[in-house]
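Engineer: Quick one, what's the 3D model for this:
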Amino acid sequence: MFEKQKAIIYSVIIPTYNRSSSLLRLLTSLENISFPRNRWEIVVVDNNSTDDTRIKVKEYWKVNDINISYVYEKRLSFTVARRTGAEHARGDILVYIDDDVSVGKEWLKSIEEGFLNNNIGMVGGPIKPKYEEKPPKWVTEMNGIWLSLFDLGNHIQDVERIPGPNLSIKKKVLDELGGFPPDTIGVESEGKSEVIEKIYVGPGDWGLCQKVRSAGYRIIYHPKAIVYHHIPPIRLTREWWKSRFRGEGSCLVIYEQYEKKFGRIMIFLKIMYSLLEFLKSLIILSITKVLGIKKKEINIFWVIFSLSKAKAWLVMLFKPSLASELWEMGLSGVSSNQIKQSDRFIRFLR
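Structural biologist: Next comes the predicted model:
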């Protein structure tokens, strides 16, 4: 770990894995924000990267008059990386952003404005797309939330949720609530394969938002706290979207089984219900295609989503404790070898 010591209030936490070029683009955008440099820091959490991430951050650190820390976290888990960032942060406000975004000039200033009101626990803002190539029409017709896009207009307002790529929270609130729930285990291949290796195991930032509101804190959306999500070509492919919907479907099952601890009889009923959902979505899709009807909520991805839920419940039938095991792995992290040597039940969820 290396760092420059200065008094700060805001800690910009960036979990990263094998995206040194994207990370450098983000760091460069942070140089240009209109906010006093002695009031914020950057904490880069390298989640077991195998590329030149450490070298790039160190080079950046040497030539820029900015508060920056580099922390290596070998346990693969988004939740662990976020927690490690919080542990090394010196600010009262933890500003979480993803490594594949860049920020607007008024971004941090607007986050500060969002926290000026009473009883604010969390602040976020728009996440706008920057496609690396022109997206196909079917992508733009999908709900942008699947690409972590978010835009509620031009007014400051109370909201129920803020997406993780642009999420700020008071450190004392995060500590009070016990941190982020599990999110994902493993990492996304980002074009090196058509398959996404990571497993979605919990509600992550959405779950944290629920905890914040349940504790009586407000969540604020500020329209000028803008980040731009850089979307690579792999995320404009049907293979990526299928993988995403498969992951989200199995995640719902893992979360429900972790919460409810169903026995095998109830799990069997869940399998039957999920299969009916799958058949219903398949029939509706077939009818709409014949009739030439197009709707966002009716497409092959939702068919895959329903099927993935049925498959996940089938896995739980044979191993009901798997959900709790995955939840704990999400909280504690795993090594690269553990991911590669994961048992057949976990591989079946991918």
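Engineer: residues in contact with the residue nearest to G263 when sequence neighbours are not counted?
Structural biologist: Sequence neighbours aside, P320 is the residue nearest to G263 in space, at 7.1 Å (criterion: Cβ to Cβ, 6 or more residues apart in numbering). Heads up, the C-betas are built off the backbone N, CA and C, glycines and all. Taking Cβ atoms under 8 Å, 6 or more residues apart in numbering as the contact definition, P320 lies against 257, 261-264, 267.
Engineer: Three-state assignment for S243, please.
Structural biologist: helix (DSSP: H, G, I helix; E, B strand; the rest coil).
Engineer: count of neighbours near it?
Structural biologist: Per other Cβ atoms under 10 Å, the neighbour tally for S243 reads 23.
Engineer: which of the residues in stretch 174-181 are buried?
Structural biologist: 174, 177, 179-181 (16 or more other Cβ atoms under 10 Å).
Engineer: Quick check: of those residues, which lies closest to G330?
Structural biologist: Nearest to G330 among the buried residues of stretch 174-181: P181, at 7.9 Å, using Cβ to Cβ.
Engineer: unless I'm mixing things up, the closest one is touching P203, no?
Structural biologist: Yes: counting by Cβ atoms under 8 Å, P203 is a contact partner of P181 at 5.3 Å.
Engineer: returning to that earlier point: can I get the buried residues of stretch 174-181 in JSON lines with distance to E73, pLDDT and secondary structure?
Structural biologist: Formatted as JSON lines, the buried residues of stretch 174-181 follow (distance: Cβ to Cβ, whole Å; pLDDT from 0 to 100; DSSP: H, G, I helix; E, B strand; the rest coil):
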{"residue": "L174", "distance to E73": "17", "pLDDT": "98", "secondary structure": "helix"}
{"residue": "L177", "distance to E73": "21", "pLDDT": "97", "secondary structure": "helix"}
{"residue": "G179", "distance to E73": "14", "pLDDT": "96", "secondary structure": "coil"}
{"residue": "F180", "distance to E73": "14", "pLDDT": "96", "secondary structure": "coil"}
{"residue": "P181", "distance to E73": "18", "pLDDT": "95", "secondary structure": "coil"}
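Engineer: I'd like those residues laid out as a markdown table, including distance to E328.
Structural biologist: Below are those laid out as a markdown table (distance: Cβ to Cβ, whole Å):
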| residue | distance to E328 |
| --- | --- |
| L174 | 20 |
| L177 | 18 |
| G179 | 14 |
| F180 | 14 |
| P181 | 12 |
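Engineer: Can you pick out the most distant pair from those residues?
Structural biologist: L174 and P181 (11.8 Å).
Engineer: list residues touching both of the two?
Structural biologist: L208.
Engineer: Please compute how far the strand or helix carrying E328 lies from its chain's middle.
Structural biologist: Secondary structure from DSSP states H and E places E328 in helix 322-332. Here the centre of helix 322-332 is set off from its chain's centre by 17 Å, with Cα atoms, centre = their mean, to the nearest Å.
Engineer: Kindly report the same for stretch 135-148.
Structural biologist: Worked out by Cα atoms, centre = their mean, stretch 135-148 lies 17 Å from the chain centre.
Engineer: Using PDB, write out every CA atom in it.
Structural biologist: Provided in PDB are the C-alpha atoms of stretch 135-148 (Å, rounded to 0.1, in the frame of the first residue of the first chain):
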ATOM      1  CA  PRO A 135     -25.600  -0.200 -29.800                       C
ATOM      2  CA  PRO A 136     -28.100  -2.300 -31.800                       C
ATOM      3  CA  LYS A 137     -31.700  -1.200 -31.600                       C
ATOM      4  CA  TRP A 138     -32.700  -4.100 -29.400                       C
ATOM      5  CA  VAL A 139     -30.300  -3.000 -26.700                       C
ATOM      6  CA  THR A 140     -31.600   0.600 -26.600                       C
ATOM      7  CA  GLU A 141     -35.100  -0.800 -26.300                       C
ATOM      8  CA  MET A 142     -34.200  -2.700 -23.200                       C
ATOM      9  CA  ASN A 143     -34.500  -1.300 -19.700                       C
ATOM     10  CA  GLY A 144     -31.200   0.600 -19.100                       C
ATOM     11  CA  ILE A 145     -30.900  -0.700 -15.600                       C
ATOM     12  CA  TRP A 146     -29.500  -3.900 -17.000                       C
ATOM     13  CA  LEU A 147     -26.500  -1.800 -18.200                       C
ATOM     14  CA  SER A 148     -26.400   0.000 -14.800                       C
END
